[in-house]
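*Asks:* build me a model from this:
(one chain, ligands or ions: 4)
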Amino acid sequence: MTEFTKTLCPYCGVGCGLEVSPPAQPNKATNRDSKGNPIWRVRGNKAHPSSQGMVCVKGATIAESLDKNRLHYPMVRDSLDQEFRRVSWDEAFDLITKQIQTVRCTQGAEALCVYGSGQFQTEDYYIAQKLFKGCLGTNNFDANSRLCMSSAVAGYIQSFGSDGPPCCYEDLELTDCAFLIGTNTAECHPIVFNRLEKYHRKNRKVKMIVVDPRRTPTAEAADLHLAIRPGTDIDLLNGIAHLLMHWGYIDPLFIDDCTSNFPAYAEVIRHYSPEVVARQCEISIEDLETAARYWGESQRVLSLWSMGVNQSSEGTAKVRTIINLHLMTGQVGKPGAGPFSLTGQPNAMGGREAGGLAHLLPGYRVVTNPQHRAEIEDFWGLERGQISPNPGLTAWDMITGLETGDVGLLWIAATNPAVSMPDLERTKKALLRSPFTIYQDAYYPTETSAYAHVLLPAAQWGEKTGVMTNSERMVTLCQAFRQPPREAKADWEIFAEVGRRLGFTKEFAFANSAEVYAEFVQLTSDRPCNMTGISHELLQSQGATQWPCPEESSTSATLSDQKAGGETKRLYTDLRFPTSDGRARFGAYYSKGLAEPPDPNYPFVLTTGRLYGHWHTQTRTGRIEKIRSMHPEPFIEIHSRDAANLGIIDNQLVQVRSRRGNANFPAKVTKAIAPGTVFVPMHWGALWAKDAEANTLTHPESCPDSLQPELKACAVQLIPVSVEVPIKNYQLQFSQW
Ligand SMILES: Nc1nc2c(c(=O)[nH]1)N[C@H]1C(S)=C(S)[C@@H](COP(=O)(O)OP(=O)(O)OC[C@H]3O[C@@H](n4cnc5c(=O)[nH]c(N)nc54)[C@H](O)[C@@H]3O)O[C@H]1N2
Ligand SMILES: Nc1nc2c(c(=O)[nH]1)N[C@H]1C(S)=C(S)[C@@H](COP(=O)(O)OP(=O)(O)OC[C@H]3O[C@@H](n4cnc5c(=O)[nH]c(N)nc54)[C@H](O)[C@@H]3O)O[C@H]1N2
Ligand code: SF4
Ligand SMILES: [Mo]
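*Replies:* Ligands and ions are numbered 1, 2, ... in the order given. The predicted model follows:
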């Protein structure tokens, strides 16, 4: 009988359980990739509570990317114009340690920066926090979650007193009204969408509202699609609140007993009459009223959101404005209801638990809180005062820090900023100026490897055992099922070895990742994300487990009770919140609109996002035939009216210009986007297409609270280049992939 290894899909935050086994007949040609490597078999794990055996095309094809273009050895060069030369791990570690020591002596610890990723396992995150925030004393560890979930984190903290999505996936099948805003769930969280859509189809009374300037596959399935003008979400949400108040659909008892700051909010929403809101959002008053009626008449309302909300210069305010609606109608802490952020990456949640953003510490703590710092310092055996009280540099600060010379060493791991950062020309110029960049990735080349002095080969999914937490707080063990190729190592092992070589031998004396995890969970004791009952052993024997899971609850009897009784399924079921007064807090926000609104010179709003098959910068999905043929090339979606005005026809090459750069895309003329708005996918970096990088156009203006850049909107002009010049498969140099 074939042995299946249980693990988790390493792509999106839905966190589907997978089972993996070696090919049954490894020698058969059909069981091998184009390089002759056997392809592992992947199927859904029916026993995984989040996904119940389902997988989407990305999860199903993941194994095909495992052996293509892997980085096998540490490589080094003195300057970016030289070729890399292979070195031993010993030499690489020596070089890195010396460089860290030199920068620390000459510029101080504040000149050391790490830019990590929601694709780390929790153990990778934890070890990096201990090394940089603890031992070395700099909070300059940020992750690509800054571009992704940081507005949700800030919104939860400000409204509820703590981070942590309060809902669970079962709520998808218990709600009366699903309110999806700024999320293309069908393409980006497909298994969440499957669960919701199946239930919605069976239960005609259940309403689905989708708020998105594009008519996405998600919007197609909705009872009501509000194609608002980009950046008018707060107008819409306050407008819905205005009507709920006017029609008396509020929960005064809940507001009185469980919340604060309602009067300030009530004053704000007074100004959002249906006439004003319909004009601002460019929707009809009838549609606005329908949305408010669906919300008001439903016993249970669940809102789901993702990047259309978070990636905004008022991202935190948007998140809090969603939460406001739940607070005013008492829609939280009960089945089928609540504000539910859909996490982007597979372990951005674990990163938040482990303190993996520049303002956080492990166990949902923050660096600005003296007690939090002291708790961590004591636990790590450091002197009081060792952890800096100042939030570290964010991802974008690191780029500007390279420009000013304040960054002396940049260590990038599990992310590809030479594609995914805003204002890409500026980003690339800054990266070229870096005195010393270490880049730790599973693949070579990626766009970012061109900017590295040192390349470190990382073991990836299936090659290291560790833990990930999905959107519904479900913690799953991702077990290794194969050896890392050649000399690749797990990220945590690399950080730990550098720690030991810097003299912190006892701090990093871990024999395996289970020990790392066991140390980390102790720091969650008495915290909202209590995971002290969880260990690798427990996850292996009992399967995926949701937090909160305190130690005393982790005996098998109580755990299965809990799983049956639903005690840990939702947060805030007692309607008490981890704020100082136990009340959830209304946020009173007027809308500000886009950081770079369109004007006569740049008359279109460009929005950017994702396609079903591709994952981010294509390091894996670009190497999978099936997915490449699903999405062979980039494009720009333009409304047919705008296209007609500009004389653009389908498939014609269009030059898109913003204040920062230009890019070219074939036009996809469609009615599935609001006029005045255009869309390009984010997936094509310089290795995969010529001059079609979305981020050449975007800007880094950020939300003042979450410091998350507004990747969802910038002003552009469109220039038709010539008739029908399709940019067919520019991936020439990589056609052998
Ligand atoms: N297939 C696939 N799935 C993925 C990923 C992937 O790369 N590929 N990545 C994962 C990650 S890390 C993330 S963060 C998630 C992202 O998941 P989503 O947020 O669902 O995906 P996006 O396409 O980035 O953006 C969602 C929608 O926001 C809309 N939008 C733009 N501006 C506005 C606005 O002002 N208001 C509103 N209401 N909507 C707006 C866009 O039109 C778009 O349809 O997906 C995860 N899942
Ligand atoms: N215009 C625009 N830009 C965006 C967005 C957008 O919507 N629009 N979305 C933003 C968001 S939400 C996100 S999350 C980012 C994503 O952007 P990135 O993080 O840059 O994208 P990925 O392609 O996922 O890069 C992950 C890298 O990690 C490597 N990797 C995989 N597993 C491992 C591992 O275990 N260890 C190591 N060391 N490496 C590994 C992969 O090979 C890959 O190179 O993009 C952001 N940028
Ligand atoms: S829905 Fe997300 S986690 Fe599930 S198989 Fe697809 S990419 Fe993987
Ligand atoms: Mo993301």
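*Asks:* near ligand 4, which residues of this structure show up?
*Replies:* C148, G344 (CB under 5 Å from the ion). In this view, the C-beta of every residue, glycine as well, is placed from N, C-alpha and C.
*Asks:* and the protein, what are its domains?
*Replies:* Following automatic domain parsing, one gets these domains for the chain: 5-65, 75-146+347-507, 150-342, 604-736.
*Asks:* ok, and does the shortest one reach over to ligand 3?
*Replies:* Meaning domain 5-65. Yes: for domain 5-65, a contact with ligand 3 is found by CB under 6 Å from any ligand atom, at C9, Y11, C12, V14, G15, C16, S51, V55, C56, K58, G59.
*Asks:* ok, the fifth one - contacts?
*Replies:* If a contact means CB atoms under 8 Å, 6 or more residues apart in numbering, then G15 has L8, C9, S50, S51, P346, M468, T469, N470, S471, E472, M474, T476 as its contacts.
*Asks:* where along the stretch 51-200 of the chain do the strands fall?
*Replies:* Ranges of strands in the stretch 51-200 of the chain, per DSSP state E, counting those that start in this stretch, are 75-76, 85-86, 112-116, 141-143, 177-181.
*Asks:* now mean pLDDT, mean neighbour count and distance to ligand 2 too, for these, in CSV please.
*Replies:* Listed next are those as CSV, based on pLDDT from 0 to 100; neighbours: other CB atoms under 10 Å; distance: least, CB to the nearest ligand atom, whole Å:
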stretch, mean pLDDT, mean neighbour count, distance to ligand 2
strand 75-76, 98, 20, 14
strand 85-86, 98, 12, 18
strand 112-116, 98, 27, 8
strand 141-143, 98, 28, 9
strand 177-181, 98, 26, 15
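*Asks:* turn those strands into TSV, columns for distance to ligand 1.
*Replies:* Output for these, formatted as TSV (distance: least, CB to the nearest ligand atom, whole Å):
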stretch	distance to ligand 1
strand 75-76	27
strand 85-86	32
strand 112-116	14
strand 141-143	11
strand 177-181	5
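*Asks:* quick one, grab the pLDDT at whatever residue of the stretch 451-600 of the chain ends up closest to ligand 3.
*Replies:* Relative to ligand 3, the nearest point of the stretch 451-600 of the chain is N470 (7.7 Å; CB to the nearest ligand atom). N470 is assigned 98 on the pLDDT scale.
*Asks:* that one - nearest residue in space that isn't next to it in sequence?
*Replies:* G15 (2.5 Å; CB to CB, 6 or more residues apart in numbering).
*Asks:* which residues in the stretch 401-550 of the chain form helices?
*Replies:* Secondary structure of the stretch 401-550 of the chain (DSSP state H, counting those that start in this stretch): helices at 417-420, 424-432, 491-501, 513-522, 536-542.
*Asks:* looking at those helices, which is closest to ligand 2?
*Replies:* Here helix 417-420 is closest among these (CB to the nearest ligand atom), at 3.2 Å.
*Asks:* near ligand 3, which residues of the stretch 251-400 of the chain show up?
*Replies:* Not one residue of the stretch 251-400 of the chain sits near ligand 3, judged by CB under 6 Å from any ligand atom.
*Asks:* can I get the residues of domain 5-65 next to ligand 3 in TSV with pLDDT and distance to G137?
*Replies:* What follows is the residues of domain 5-65 next to ligand 3, written out as TSV (pLDDT from 0 to 100; distance: CB to CB, whole Å):
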residue	pLDDT	distance to G137
C9	98	37
Y11	98	35
C12	98	35
V14	98	37
G15	98	34
C16	98	39
S51	98	41
V55	98	43
C56	98	43
K58	98	39
G59	97	40
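*Asks:* moving C-terminal from the one helix or strand in the chain whose mean pLDDT sits lowest, which element do we reach first?
*Replies:* When each helix and strand of the chain is scored by mean pLDDT, DSSP states H and E, helix 556-565 comes last, with a mean of 48. Next in sequence after helix 556-565, counting helices and strands by DSSP states H and E, comes strand 584-585.
*Asks:* please identify the residues of this structure in proximity to ligand 3?
*Replies:* By CB under 6 Å from any ligand atom, the part of the chain that sits against ligand 3 consists of 9, 11-12, 14-16, 51, 55-56, 58-59, 190-191.
*Asks:* export those residues as CSV, with columns for distance to ligand 1.
*Replies:* Compiled in CSV, the residues of the chain next to ligand 3 are given as follows (distance: CB to the nearest ligand atom, whole Å):
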residue, distance to ligand 1
C9, 11
Y11, 7
C12, 4
V14, 8
G15, 11
C16, 12
S51, 14
V55, 13
C56, 8
K58, 6
G59, 11
P190, 7
I191, 11
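*Asks:* what about these, which are in helices?
*Replies:* Counting by DSSP state H, the residues of the chain next to ligand 3 place K58, G59, P190, I191 in helices.
*Asks:* what helices or strands is the longest helix that the chain contains leaning on?
*Replies:* Assignment by DSSP H gives helix 89-106 as the longest helix of the chain. Counting contacts by 3 or more CB pairs under 8 Å, 6 or more residues apart in numbering; DSSP states H and E, helix 89-106 packs against strand 75-76, strand 112-116, strand 409-413, strand 454-457, helix 491-501.
*Asks:* give me the neighbour count for the residue of the stretch 201-350 of the chain found nearest ligand 3.
*Replies:* The stretch 201-350 of the chain approaches ligand 3 most closely through P346 (6.7 Å), counting by CB to the nearest ligand atom. As a burial measure, P346 scores 28 neighbours (other CB atoms under 10 Å).
*Asks:* now it: how far from E123?
*Replies:* Relative to E123, P346 is positioned 14 Å away (criterion: CB to CB, to the nearest Å).
*Asks:* in TSV: the ones in helices among the residues of the chain next to ligand 3, plus distance to ligand 2.
*Replies:* Output for those, formatted as TSV (distance: CB to the nearest ligand atom, whole Å):
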residue	distance to ligand 2
K58	12
G59	15
P190	17
I191	18
